[in-house]
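Enquirer: how would this look folded up:
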Amino acid sequence: MDRELEQLNGTYAKEKMRVRSSQNNELDKRKKEIDDGEKKLKKTKSGQNQQQMKLYCGQQLKEYKHNKEAQKTRLRSLNMPRSAYENAMKDVKMELNRVKNARETEFDEKLRTEMEEEMMGYQRKQLGSLHQLEERLDDEVR
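Expert: Below is the predicted model:
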């Protein structure tokens, strides 16, 4: 009877180790899927952001050129001496560049913030699903 109990205890311990190993493999597999999904999301979102930034910069460049030409026309109509005109145009260009760069920086920051928020949402969602999996596996052992 003692030998039988000992044998059952040994079988139970082996089975428990096998189940734990299987559960750990399942958890590791799920964690790898989450990491891969996160990398894929980041790569996709980065590509989209680069494309949006490229389009935005092109739009800003067109606006810069339009505003520069408008200022150029306005300054020419004032019949200024050449040196005063060139200095005024230099100031206009500096201001237009400053505005263009500020808008591009602001847009880039907006895109970066959106990506970070999307990544945090993904991580939060995946962490919740991983926690549920861990709880289900713990319940199976009991």
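Enquirer: C-alpha only now, for contacts and for neighbours.
Expert: Will do.
Enquirer: what about Glu15, how many neighbours?
Expert: 12 (other C-alpha atoms under 10 Å).
Enquirer: from Asp138, how far off is it?
Expert: According to C-alpha to C-alpha, to the nearest Å, Glu15 stands 15 Å off from Asp138.
Enquirer: past the longest helix along the chain, which element shows up next along the chain?
Expert: Counting residues, the longest helix in the chain under DSSP state H turns out to be helix 2-77. The helix or strand immediately downstream of helix 2-77 is helix 82-141, counting by DSSP states H and E.
Enquirer: quick one: low-confidence ranges for the chain?
Expert: Along the chain, segments meeting pLDDT under 70 span 142.
Enquirer: next up, the contacts around Gln71.
Expert: Counting by C-alpha atoms under 8 Å, 6 or more residues apart in numbering, Gln71 makes contact with 89, 92.
Enquirer: heads up, I number from 6, so please use that
Expert: Sure thing, new numbering starts at 6, so read that last one as Gln76.
Enquirer: spatially speaking, which residue is in the middle of this structure?
Expert: Met120 (3.3 Å; C-alpha atoms, centre = their mean).
Enquirer: what's the nearest residue to that one if we skip its chain neighbours?
Expert: Lys50 (6.6 Å; C-alpha to C-alpha, 6 or more residues apart in numbering).
Enquirer: from Gln137, how far out is the one you found?
Expert: For Lys50, the distance to Gln137 - C-alpha to C-alpha - is 27 Å.
Enquirer: just Lys67 next, same as before
Expert: 52 Å.
Enquirer: relative to Asn54, how far out is Asn72?
Expert: Taking C-alpha to C-alpha as the measure, Asn72 falls 26 Å from Asn54.
Enquirer: the two: which is more packed in?
Expert: Neighbours per residue (other C-alpha under 10 Å) separate Asn72 from Asn54, with Asn54 holding more: 18 against 15.
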